[in-house]
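A.B. asks: Give me the fold of what follows.
(one chain, ligands or ions: 1)
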Amino acid sequence: MRYLFFSLFAIIILASCAYNKLTGTNQLSLISDSEIFKTSDSMYRDYLNKSKVISNRENMDVQMVQRVGKKIVQAVNQYYADRNMQSQLNEYRWEYHLVQNAEVNAWCMPGGKIVVYTGILSMTKTEAELAVIMGHEVSHALLNHGKQRMSQSMLLNLGSLALSSAVSDKSARARSNFEIAYGIGTQVGLALPFSRKHETEADQFGLIWTAMAGYNPNEAIPLWQRMSIASGNDVPEFFRTHPTGVNRIKAIKAYMPQAMKFYKQ
Ligand SMILES: [Zn+2]
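C.D. replies: Numbering: from 1, shown residues only. Here you go, the predicted structure:
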């Protein structure tokens, strides 16, 4: 029985890897992009309906979030086009919203659904620093990090339930796994943290988008220094999902020469 159980697991995993062109690796994927993007879109609408979205177009911060978001997305489109990978972005519908919330946080859901909290703008001193944050979040989405966490959470669910019931009511299950992976729509703090490896990947690609968008990627250094000091005091929400290591700034500095090759002044 145990053997059968693990064989089923092995089959599910083998049958469920998707190739990510950005990293050139196979990733665990128990759910298709179309399914995940549909769930993402509906969770995003729910979230925006329940939140204080700042929609005044005259608001300078709203304008900045829109401007930085568009530039980052342009950079991503360019990078993918240069490498003949545009089709990977076909189903993305990018959106950027500023939400009134004192927490230091920002995120990007699968399919390009971005939220910046007003709280993080008290940490970012310049537009380039906001670009670093948004570039980091967009990278998590492009690298399918949320999807991998969702797939892991689905496997955990499969482990505790009979397979037959696990595959029934797919959309309810998708929502529940989504909530676990993102902590959105649930109590604050339930979100699974990204792994250190995912953080490093998001930092590196984020610096590339920042540079291509015309912002100096070196501005990442004072930003992360300030963020890491703040994380010691009151542990902003951001660090629950984006664990920072003592080596983060060192790793960013080491990667900077590569990022600078993309910098268009
Ligand atoms: Zn992160």
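A.B. asks: Look up phi and psi at Ile114.
C.D. replies: Phi and psi for Ile114, reported as degrees, to the nearest 10, are phi -100, psi 140.
A.B. asks: what sits against the residue in the stretch 151-265 of the chain positioned nearest to the ion?
C.D. replies: Residue nearest to the ion within the stretch 151-265 of the chain: His242 (3.5 Å; Cβ to the ion). For glycine as for every other residue, the C-beta is placed from the backbone atoms N, C-alpha and C. Contacts for His242 (Cβ atoms under 8 Å, 6 or more residues apart in numbering) come out as His136, Pro193, Phe194, Glu199, Ala202.
A.B. asks: Close to the ion: what parts of the stretch 51-200 of the chain are there?
C.D. replies: Phe194, Glu199 (Cβ under 5 Å from the ion).
A.B. asks: For the stretch 51-200 of the chain, give me the ranges with low pLDDT.
C.D. replies: 147-192 (pLDDT under 70).
A.B. asks: Just the strands from it, written as ranges.
C.D. replies: For the stretch 51-200 of the chain, the strands defined by DSSP state E, counting those that start in this stretch occupy 95-99, 106-109, 113-117.
A.B. asks: would you turn these into a markdown table with mean neighbour count?
C.D. replies: Formatted as a markdown table, those follow (neighbours: other Cβ atoms under 10 Å):
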| stretch | mean neighbour count |
| --- | --- |
| strand 95-99 | 20 |
| strand 106-109 | 25 |
| strand 113-117 | 24 |
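A.B. asks: circling back: against Ile133, how distant is the residue of the stretch 151-265 of the chain closest to the ion?
C.D. replies: 10 Å (Cβ to Cβ, to the nearest Å).
A.B. asks: Same check on Thr241?
C.D. replies: Distance of Thr241 to Ile133, given as Cβ to Cβ: 13 Å.
A.B. asks: So for the two, which residue has more residues nearby?
C.D. replies: Using other Cβ atoms under 10 Å as the criterion, Thr241 and Ile133 rank with Ile133 on top: 26 against 19.
A.B. asks: pretty sure the more buried one contacts Ala220?
C.D. replies: No. Using Cβ atoms under 8 Å, Ile133 is not in contact with Ala220; the gap is 9.2 Å.
A.B. asks: ok, back up a step: Serialize the strands of the stretch 51-200 of the chain to TSV and add fields for distance to Ala141.
C.D. replies: Below are these laid out as TSV (distance: least, Cβ to Cβ, whole Å):
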stretch	distance to Ala141
strand 95-99	12
strand 106-109	4
strand 113-117	8
